[in-house]
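1. just coords:
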Ligand SMILES: Nc1ncnc2c1ncn2[C@@H]1O[C@H](COP(=O)(O)OP(=O)(O)OP(=O)(O)O)[C@@H](O)[C@H]1O
């Protein structure tokens, strides 16, 4: 049987940025009706390849064919006319638009806010969101009021409404909770059944294995292998990506549990969450998880000083503290790795070295010394360990790939000597080798006597690195699970239903 001609054939692409060869003879050939995975370490060239298809970068060599026709002088408009839709990592929706406007209107017409018009838009928005994702969003909400996950759902729904021929998902699940991931997979399966072709870029190899028919593996700007997940293991895909074996993804720390370093009692910021009590001890890694709307994100925001708590107390090392701002939280001894790292964590115009140094400024030890050199050398070590791919330490962070930018922020914050680390999704968008490195660092911090609170939607990650996991549901903590005796299904069931822990787990926080 002859196979059908490819829907998309990108061949021999070359693209340099100064001294960096982002694409070096890269090819991607996609069969119609397939779900095609694209994987590679941070900086391997995945985004540059996709940007070439969107007309956002012009390759120096190579060819692109779509439905058998050669394409040149591509632009985002031309790609859209051809029926190629992109779901990018960065949010591109207008923050002041309503959900209905973001879904159905061109950007230029968003100024009109007539009541009847809005009501009809909202009704159509509800229908579309329910159709593709089985959810509705608060009526009249503006894009900026939505969480990252909700914004992404709107972005995907908008793309699907245009009935594309090819849809490219660039790390679509990075900000999604497990249940939304399932809805997305169901939507992709449905689209495939209707003959739509998808390209799926992700660092979550388990997802790639589950939904992709074929996977192209990139390394150093080149496609180095093409495999069928049904005949290949995740560790083989990892080995092809990294060109070595990655062992011990989840190293366990060997710290003993010390005194409580962070104690939260009766904390509330209604309607997001109420009456939350928890303790993180020295030498302990505590996980926190919950679906969208469970309050877990908002709880972490309150600890970051980004959301005022209306009730309850927070103690750091036995002393009552008011964490009214991120600065107050940092002064109280908390190191915070925020989720929205591009907005909150990194100065894009500055170099890697300058970003690393910024974290050291103003950090005063208990004895009153400014300890910069120690931190800086630790940052350098981390940049080395996390294999941040850049032309050098002076490269502006703006020029790094998305995952490498995240590594810079994480290196910066993890190098601060702190008593408590609050990490909000620290490994999202980070490749598997760097993930292992970040887990090793978390273990090291615990062994140095810090307490760590890790918010994550990745249940395997939580079970792999934490001692205990707190699950939130509808604004409250519904259970604390000892990870040594818990499965991811138990965590998911608790997050979904709010049912407390069964055998082998405890209610005590
Ligand atoms: N505008 C640019 N200027 C300079 N270098 C760039 C630019 N865009 C990309 N690069 C470099 O090209 C290489 C490939 O980057 P790309 O964003 O394609 O990687 P990626 O595989 O998508 O990584 P990630 O998984 O981190 O998103 C990286 O070394 C990056 O630093």
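-> Great, that's in hand. Just so it is clear, the model here is predicted, and its values are computed rather than measured. Numbers count the residues shown, from 1 in each chain.

2. how about the residues of this protein that lie near the ligand?
-> 17, 20, 22, 40, 42-48, 389-390, 399-404 (Cβ under 6 Å from any ligand atom). The way it works is simple: take the backbone N, C-alpha and C, and place the C-beta from them, glycine included.

3. filter the residues you listed down to the buried ones, ChimeraX style.
-> Per 16 or more other Cβ atoms under 10 Å, the buried members of the residues of the chain next to the ligand correspond to this ChimeraX selection:
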select :20,22,40,42,43,44,45,46,47,48,389,390,399,400,401,402,403,404
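
4. show me what residue 64 is bridged to.
-> residue 10, residue 71 (DSSP bridges).

5. measure it to the ligand for me?
-> Distance from residue 64 to the ligand, counting by Cβ to the nearest ligand atom, to the nearest Å: 16 Å.

6. top helix in this structure by residue count?
-> Ranked by residue count, the top helix of the chain under DSSP state H comes out as helix 115-133.

7. by how many degrees do the next helix or strand after that one and helix 115-133 diverge?
-> Next along the chain after helix 115-133, taking DSSP states H and E as the criterion, comes helix 148-161. In terms of direction (axes from the mean of the first three to the mean of the last three Cα atoms, to 10 degrees), helix 148-161 departs from helix 115-133 by 90 degrees.

8. give me the low-pLDDT residue ranges for the stretch 1-150 of the chain?
-> The model of the stretch 1-150 of the chain has pLDDT under 70 over residues 1-2, 89-92, 106-117.

9. still on that earlier bit, filter the residues of the chain next to the ligand down to the ones in helices?
-> Here DSSP H is the test, and the residues of the chain next to the ligand give 46, 47, 48, 402, 403, 404 as lying in helices.

10. any idea how far the second one lies from residue 15?
-> Which is residue 47. Counting by Cβ to Cβ, to the nearest Å, the gap from residue 47 to residue 15 is 11 Å.

11. got it, and residue 3?
-> As for residue 3, its distance to residue 15 is 29 Å (criterion: Cβ to Cβ).

12. okay, the two: which has more neighbours?
-> The residue with more neighbours, out of residue 3 and residue 15 and counting by other Cβ atoms under 10 Å, is residue 15; that gives 22 against 7.

13. how about the residue nearest to that one when sequence neighbours are not counted, what does it touch?
-> Once flanking residues are discounted, residue 15 sits nearest to residue 23: 4.1 Å by Cβ to Cβ, 6 or more residues apart in numbering. Residue 23 is in contact with 13, 14, 15, 45, 48, 49, 52, 59, 62, 221, 222, counting by Cβ atoms under 8 Å, 6 or more residues apart in numbering.

14. contacting residues around stretch 316-324?
-> Outside stretch 316-324, the residues within contact range by Cβ under 8 Å, 6+ apart are 259-263, 302-305, 308-309, 313-315, 328-329, 332-334, 419-420.

15. show the contacting residues for the residue of the chain at minimum distance from the ligand.
-> Nearest residue of the chain to the ligand: residue 403, at 2.6 Å (Cβ to the nearest ligand atom). With Cβ under 8 Å, 6+ apart as the criterion, the residues that contact residue 403 are 41, 42, 43, 203, 429, 430, 431, 434.

16. that's a helix at residue 336, yeah?
-> No. Read with DSSP: H, G, I helix; E, B strand; the rest coil, residue 336 is strand and lies in no helix.

17. how close does it get to residue 448?
-> 18 Å.

18. these two: which is more packed in?
-> Neighbours were counted for residue 336 and for residue 448 using other Cβ under 10 Å; residue 336 has more, 23 against 12.

19. bridging residues for that one?
-> residue 422.

20. hang on, the earlier thing: show me what the longest helix of the chain is packed up against.
-> Counting contacts by 3 or more Cβ pairs under 8 Å, 6 or more residues apart in numbering; DSSP states H and E, helix 115-133 is packed against helix 99-104, helix 148-161, helix 178-193.

21. contacts for that helix?
-> Residues outside helix 115-133 that contact it (Cβ under 8 Å, 6+ apart) are 98-101, 103-105, 135-137, 139-140, 153-154, 156-157, 160-161, 180, 183-184, 187.

22. again with stretch 45-64
-> Stretch 45-64 has contacts (Cβ under 8 Å, 6+ apart) with 8-16, 22-26, 28, 38-40, 70-76, 78-79, 84, 86, 89, 168, 170, 199, 201, 218, 220-222, 401-402.
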